[in-house]
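Chemist: Next input, structure requested:
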Amino acid sequence: CATDDGGPTTTTVPPLAFVRYINALPDTMNTTVRWVDYLEYTPQTFINVAYRGVGQGLYQGLKAGSRHFKVFTADVVNFSTAGNTSVLADETISFEANKYYTILFTGYARTGSKKIVVFEDVIPAPGSNVALRVLNANTGLGAIDAYKLATATDPIAGSPTLAAVAEQKYSAYTTFAPAAFAVRAAASGSVTALASLAAPAGTVGTTAADPIGGATVAGSVITAIVFPASVTGSMAAASASPSVVYVVDKQ
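Modeler: Take a look at the predicted model:
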């Protein structure tokens, strides 16, 4: 591209916030986020996100300021031809430049309890350690306790690593030396596991490849998300019981 006088053009990047999207609706089909105010500097990757899924690309640059977006059902049958969809949410929210945010779509669409919850993610720098927090994405199960254990089958005992995490809230981060671990989640005050999963190990970076964050990679920042079971008979991705999914906040 060139200007009228033949000189090169330049692009001015506006101040950006960074956002990611998590689908925590356990009674609804896949969802798609569309920003309906600007095309430029706007994520186009939160498309056809399954229940317990995170929009492709994790954090994406978003022109900062007051932004208008809608969440639609994703037509998984005619997705390639943009079939009929319905609006599930319509929100206008302010995002500040150089800050990180999680957009959580949670609750139950069928009972009218669905809602958008937006978190500002203040991501630590754990240095030679690994940082872990828990997001309780449940509706109706109440607060949870999270136990960091060596494996997903170790018995729950002692004090929770992260205690009494309220519904639709993050815990604080806890840090520890890099090593394999699993998170087991239980109702607050209980020692009966609701959900358990080993964390991804990750891969240490080399001169030829970037690191992939995980339990064994120093500097990784990880969120364990606890989801409710999906509703039987719905189009939500099947999950007969609560489940844990990991996302890497930083690697």
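
Chemist: Would you map the strands across the stretch 1-150 of the chain?
Modeler: Assignment of strands within the stretch 1-150 of the chain using DSSP state E, counting those that start in this stretch yields the ranges 16-23, 31-35, 60-63, 65-73, 87-95, 100-106, 115-121, 130-136, 144-149.

Chemist: Dump these to a markdown table, plus distance to Thr10.
Modeler: Just so you know, the C-beta spots here come from the backbone N, C-alpha and C atoms, and that holds for glycine as well. Formatted as a markdown table, the strands of the stretch 1-150 of the chain follow (distance: least, Cβ to Cβ, whole Å):
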| stretch | distance to Thr10 |
| --- | --- |
| strand 16-23 | 17 |
| strand 31-35 | 24 |
| strand 60-63 | 18 |
| strand 65-73 | 22 |
| strand 87-95 | 25 |
| strand 100-106 | 27 |
| strand 115-121 | 31 |
| strand 130-136 | 38 |
| strand 144-149 | 48 |
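
Chemist: need the ones you listed in JSON lines with mean neighbour count, can you?
Modeler: Below are those laid out as JSON lines (neighbours: other Cβ atoms under 10 Å):
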{"stretch": "strand 16-23", "mean neighbour count": "24"}
{"stretch": "strand 31-35", "mean neighbour count": "21"}
{"stretch": "strand 60-63", "mean neighbour count": "18"}
{"stretch": "strand 65-73", "mean neighbour count": "17"}
{"stretch": "strand 87-95", "mean neighbour count": "14"}
{"stretch": "strand 100-106", "mean neighbour count": "22"}
{"stretch": "strand 115-121", "mean neighbour count": "15"}
{"stretch": "strand 130-136", "mean neighbour count": "25"}
{"stretch": "strand 144-149", "mean neighbour count": "23"}
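
Chemist: buried set for stretch 193-212?
Modeler: For stretch 193-212, a neighbour-count test (16 or more other Cβ atoms under 10 Å) marks Ala193, Leu194, Ala195, Ser196, Leu197, Ala198, Ala199, Pro200, Gly202, Pro211 as buried.

Chemist: I'd say the second one and Ala186 touch.
Modeler: Yes: applying Cβ atoms under 8 Å, one finds Leu194 in contact with Ala186, separated by 5.7 Å.
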